[in-house]
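J.: Sharing a model that was predicted from the sequence below.
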Amino acid sequence: MPSALSVLLAIHCKKTESVDLKTPIHKYIALTYSETEAREAEDDLETIQQLRSTIANASTNGMQPGMRDSLAKYCRCLTAIETRFPISKEKGHAQVAFTWYDAFKSSKKHTQYNVHLEKACVMFNLGAVISQQGLACDRTTPDGLITASKHFQEAAGLYAFIQEAEANKVDAPKPQDLSADCLSVMEKLMLAQAQECVYHKAVMDKKSPTVIARLAKQVAVMYEGVTRGFGLSSLSGYFDKSWPAHAAMKGSVFQVEVLSQTAKALQAEDNIAHQVSVLREAFAVLQNTKKLAKAVGADMVDSVSKVQEGVVAALARAEKDNNTIYLQRVPAFGDTGINIQGALLVKNYPPTNLDASTDNLFSSLVPDSSAKSLSKYTDAVDGVTRDARDRLAAATDTARTRLKEMELPEMLEALDPRSSKGTASALPSALLADLEEIQTIGGVTHIQGILAEIGELKRTCEEELVAAANALNADAQADAEARAKYNDQFRATPAPTAAKSYWDRIAQFRASLAQAAASDEGVMDQLAQHQEGFAALAVDAAALKLPRLQAPMVTTGDEDPAVVVASLRRDLEALQALASERSGIEEALNDLKAKDNILPKIMSVNQQAHDSLFASELKKYDVLVADIKRNSEAQTELLARIGNQNKVFREVFDVHGWRAACEAAAAGIREEARTFKGLLDHCSEGLRFYLGMHEVERRCRQEAEDFAFTRSVQRDELKQDIERSKRAEEADQLARRMAMANMHSQQSAPPPAAAYPAPPMTSTPYAPQPSHPYAPPPPP
């Protein structure tokens, strides 16, 4: 049964009615070109007509094999039609009426003689089919989650592309499911579900609670964005109530998951008081989650109830541990300072397989003259828009440079006692760079992390030395036992002599480690002494230690400080308004260019009229060009006035004296930063030392173990030689005793000679193998 943490949505496909593309376009080709060209285009038209019939079934057979490819191929065909055949109600155009039904209000029908409606709707269904493929993936496996996330990101990219490239070309009244707000919600929903798949894979991969919490936080944030989209006035009552309820529930339940995972991380840190506070907050959030789940369905209520059971159980355990063991004061959640940042790991995937340049449809129906004329007009538009963008960028750069020279608005922010931004600008540039660098690496936490790593390496180094010493001691013990057993017969090199070089190296390493440990103690002492000072090595904290910029107690001039500040703020707001206006002009420029498709007009007039057509069409950019000029002139005048007011401001508020005071106050901060960097260098040097020492000791341990193994093999061989010699000597003694016994037997009435075989020849005694000493130890 799907749970609140796993249920996902897929987009509905739009329904359409059958359309006769072939007849109107064939007629247009015959009238515009020739009957011969029309006959040559019949195969292409038949292919497109069959594709149109196939994709019309997407609303009922979206998961049919090949439907995605058919939608993409038909979309490429529409691109070929768009650039060759003008489709509208106008006389002489191909009059094709496209009818589509709303995806979420299936009773609403829209009919337009506009190929962009057809393209936008086909792309909408392509995104819907891809979302359905994502929903159909086996999300109980890591590979299935990866594939599902990829599908949802592709669907999000398609809805973003429709909004940017096609929906704005659809005639009014525009279908609501192709509105900017609706497409934006679809895009955000798909991205949220893609991020959710990433979260589930992290859970399946047993990532740490901290990682899972960050991924869950991003999911919650993204679903909250979807919920806000559903709540827009333009979409009020448009979607079924279960859709916004689903998004709201998902956002809430993932917020609970963030808190649950954070509690696990706090438990691992033995921070029981904060764990109890976080779990209490999770329980409180769950009450709202349960209300939201009721609007989705009973199974979601049951799922949320199970989540609540887990939170309640964890909270009970944590409270019991705190009451019986830790006895810590439990703070309010707002006082814990816990602020989990999301980790965004998904993005829109741009549409693929929609490039029509590789298809060979109607290749003979685009005259070179028309293509060249269109290229000429496009070059002219590019020139106009490029010049306009350059002037907009120049105006923005000028404003930014002049404000930086005048140190605005930082000087005004320095007047606000609640803000540290303005005071931070008074920090010397070198010190500011140092503080930003320290803050970026994590400050004192970074040093503590290095020291923790050093401690781990130190422990590993000790273990390496112990392992090497154990190997040598084992060899020495075996050597002593052999000598005790065989006495002078055991002629191998004594273990203390053979292993001396290794023991010397171990002693040297121990001395180096002892010296390094003493240095580490000094670093720890220095860190403890400067703990409070190092904690303040952040830009905002340092800024709070600097004197504030204030109005003079007594005004000696004619200027009222309050009036000066108010005038300066007003002009800065006007300057910001001009910057916003430039952004709007650039957006309008891009929008105008995106919609500036005059190919149907080029193909509907003769070549001699192209120049006049271009001149007429380019006039629509004149209004924006004039707006850019007016904006630039207004900014020049405003910057001059701001410059004059800034001079008065600096005199009235004695900015020069304030900077001198800040410079003097920064001396202590600079010294702390210098000490921090020196300590960081020391720690980095220590880390390099222990890394090098670990590698050297690892080789020493390996060599000692190899040495001990080699001596063990040689010792076994020597023992075998001694035993063989001993057995040979015993055999010789036995032979001699038997020979003596035979001699005594012959002296007393021996039996007839014929009764015994001839005595055997005395064999040569077994010669023992010469013993040999151990191989010398490997060089140090």
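T.: Structure's in. What do you need? Numbers count the residues shown, from 1 in each chain.

J.: Only C-alpha atoms from now on, for both contacts and neighbour counts.
T.: Will do.

J.: can you list contacts of stretch 312-328?
T.: Identification of contacts with stretch 312-328 by CA atoms under 8 Å, 6 or more residues apart in numbering yields 272-273, 275-276, 279-280, 283.

J.: now do stretch 183-198
T.: 8, 11, 131, 139, 145-146, 148-153, 155-157, 159-160, 162-163, 177, 215-216, 218-219, 222-223, 225-226, 229-230, 344-348.

J.: on that earlier part again, turn the contacts of stretch 312-328 into TSV, including pLDDT, secondary structure and neighbour count.
T.: Shown next, in TSV, are the contacts of stretch 312-328 (pLDDT from 0 to 100; DSSP: H, G, I helix; E, B strand; the rest coil; neighbours: other CA atoms under 10 Å):
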residue	pLDDT	secondary structure	neighbour count
I272	91	helix	24
A273	91	helix	23
Q275	91	helix	30
V276	93	helix	28
L279	93	helix	27
R280	93	helix	19
F283	92	helix	21
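
J.: ok, those vs I81, which is closest?
T.: When the contacts of stretch 312-328 are compared for distance to I81 (CA to CA), F283 wins out at 58.3 Å.

J.: give me every residue that touches the closest one.
T.: By CA under 8 Å, 6+ apart, F283 lies in contact with 256, 308, 311-312.

J.: Need the contact partners of stretch 13-30.
T.: By CA under 8 Å, 6+ apart, the surrounding residues in contact with stretch 13-30 are 35-38, 41-42, 45-46, 48-49, 52-53, 56-59, 62, 85, 92-103, 106, 121, 124-125, 128-129.

J.: Ok, stretch 102-122 next?
T.: Contact partners of stretch 102-122, identified using CA under 8 Å, 6+ apart, comprise 12-15, 71, 75, 78, 82, 87-89, 95-101, 162, 166-167, 169-171, 175-178, 238-240.

J.: First-to-last residue distance for that stretch?
T.: One end of stretch 102-122 sits 12 Å from the other (CA to CA, to the nearest Å).

J.: Return the set of buried residues in that stretch.
T.: Using 16 or more other CA atoms under 10 Å as the test for burial, stretch 102-122 gives 102-104, 111-122.

J.: so the residue minimising distance to the centre of the chain is in which element?
T.: In the chain, the C-alpha nearest the mean C-alpha coordinate belongs to L345, at 4.7 Å (CA atoms, centre = their mean). Using DSSP states H and E, L345 sits in no helix or strand.

J.: hey, which helix is longest across this structure?
T.: As assigned by DSSP state H, the longest helix anywhere in the chain is helix 655-747.

J.: Thought A155 was touching A128, still the case?
T.: Yes. Because the distance of 7.0 Å satisfies CA atoms under 8 Å, A128 is recorded as touching A155.

J.: Between the two, which has more neighbouring residues?
T.: Neighbour totals were compared for A128 and A155, and A155 leads with 36 against 28 (other CA atoms under 10 Å).

J.: For M411, grab the count of nearby residues.
T.: As a burial measure, M411 scores 22 neighbours (other CA under 10 Å).

J.: From R548, how far out is it?
T.: Separation of M411 from R548 (CA to CA) stands at 11 Å.

J.: Same question for E633.
T.: From E633 across to R548, the span is 36 Å (CA to CA).

J.: Counting neighbours, go ahead and name the busier of the two.
T.: Of the pair E633 and R548, R548 is the one with more neighbours under other CA under 10 Å, namely 20 against 11.

J.: Go over the secondary structure and confirm that one is in a helix.
T.: No. Counting by DSSP: H, G, I helix; E, B strand; the rest coil, R548 falls outside a helix, being coil.

J.: quick one on the thing from earlier: now intersect the buried residues of stretch 102-122 with the strands, please.
T.: Here DSSP state E is the test, and these give 111-112 as lying in strands.

J.: Show me the helices in the stretch 251-400 of the chain, by range?
T.: Along the stretch 251-400 of the chain, counting by DSSP state H, counting those that start in this stretch, helices occupy 272-294, 298-321, 368-406.

J.: packing partners for the next helix-or-strand element following the last one?
T.: Pointing back at helix 368-406 there. Downstream of helix 368-406, the next assigned helix or strand under DSSP H and E is helix 410-413. Secondary-structure packing of helix 410-413 (3 or more CA pairs under 8 Å, 6 or more residues apart in numbering; DSSP states H and E): helix 421-424.

J.: one step back: so for the residue nearest to the centre of the chain, what pLDDT did the model give?
T.: Turning to L345, the model gives it a pLDDT of 95.

J.: again, but for T401
T.: 94.

J.: Could you pull up the contacting residues of it?
T.: Here T401 is in contact with no residue (CA under 8 Å, 6+ apart).

J.: re earlier: which among the contacts of stretch 183-198 end up buried?
T.: Among the contacts of stretch 183-198, those buried by neighbour count (16+ other CA under 10 Å) are 8, 11, 131, 139, 145-146, 148-153, 155-157, 159-160, 162-163, 177, 215-216, 218-219, 222-223, 225-226, 229-230, 344, 346-348.

J.: What about these, which are in helices?
T.: Secondary structure from DSSP H places 131, 145-146, 148-153, 155-157, 159-160, 215-216, 218-219, 222-223, 225-226, 229-230 of the buried ones among the contacts of stretch 183-198 in helices.

J.: Next up, phi/psi of V330, please.
T.: phi -90, psi 120 (degrees, to the nearest 10).

J.: if I read this right, it contacts H274, doesn't it?
T.: Yes. Using CA under 8 Å, V330 is in contact with H274, at 6.4 Å.

J.: which of the two has more neighbours?
T.: Neighbour count, other CA under 10 Å: between V330 and H274, H274 has more, with 25 against 17.

J.: what's the first-to-last distance across stretch 53-68?
T.: End-to-end for stretch 53-68, by CA to CA: 14 Å.

J.: ok, and what's touching it?
T.: So stretch 53-68 is in contact with 12-18, 70-71, 74, 125-126, 129-130, 132-133, going by CA under 8 Å, 6+ apart.

J.: Likewise for stretch 347-358?
T.: Counting by CA under 8 Å, 6+ apart, 72-73, 75-77, 79-80, 153-158, 160-161, 191 sit against stretch 347-358.
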